[in-house]
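In: A structural model of the following input is requested.
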Amino acid sequence: MRRAMPFLLLVLMFGCGPKLNDQSTLQVTAAEPQAKEVPAITSSQKVNISAKANGGQFDIYFFLKKDQTEVENNLAKAGPKLLATKLKASEAELSATVPANEAAIVLIHSADGKKVEV
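Out: Got it, this is the predicted structure:
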């Protein structure tokens, strides 16, 4: 029996706003990335992201939703728009502060082109 590994643990910490704790398991490839949205809240929040692959490697990007089109269209030049990133990882721990009233996106895809469960 195949066990599912948790994809993403988002924990919003500090401030008076609501807290988010989300776990997901996703199948990703280079051609079929997956994205998760962190909803906007009224104060800035520190977001901690943990991801672990069940075989294979992945790239993970964290950025503001308002920059989503620009980042997804050109990941190679997205550096200034990224809040955090880790490439070619089998495990990742990211942390960044999301400004008040801004939604954010976690984008993940396979680093080696193979299907990866993350």
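
In: How much space separates the closest residue to A111 other than its chain neighbours from I41?
Out: Of all residues beyond its chain neighbours, the one nearest A111 is Q57 (4.1 Å), with distances taken as Cβ to Cβ, 6 or more residues apart in numbering. C-betas here are computed from N, CA, C, even on glycine. For Q57, the distance to I41 (Cβ to Cβ, to the nearest Å) stands at 32 Å.

In: the more surrounded of the two?
Out: Using other Cβ atoms under 10 Å as the criterion, Q57 and I41 rank with I41 on top: 19 against 16.

In: The more buried one should be in a helix, yeah?
Out: No. Under DSSP: H, G, I helix; E, B strand; the rest coil, I41 sits outside any helix and is assigned coil.

In: my guess is it contacts A100, does it?
Out: Yes. With contact defined as Cβ atoms under 8 Å, I41 reaches A100; the gap is 7.3 Å.

In: residues contacting the residue sitting nearest the centre point of the chain?
Out: In the chain, the C-alpha nearest the mean C-alpha coordinate belongs to V106, at 2.6 Å (Cα atoms, centre = their mean). Residues counted as contacts of V106 (Cβ atoms under 8 Å, 6 or more residues apart in numbering) are L8, L10, A35, K36, E37, V38, I49, I60, Y61, F62.

In: Let me know the next secondary structure element after the worst-scoring helix or strand of the chain on mean pLDDT.
Out: Least confident helix or strand, the chain: strand 9-13 with a mean of 41, by mean pLDDT, DSSP states H and E. The C-terminal neighbour of strand 9-13 among helices and strands, as given by DSSP states H and E, is strand 21-22.

In: List the pairing partners of that next one within its sheet, with orientation.
Out: strand 9-13 (antiparallel) (DSSP bridges).
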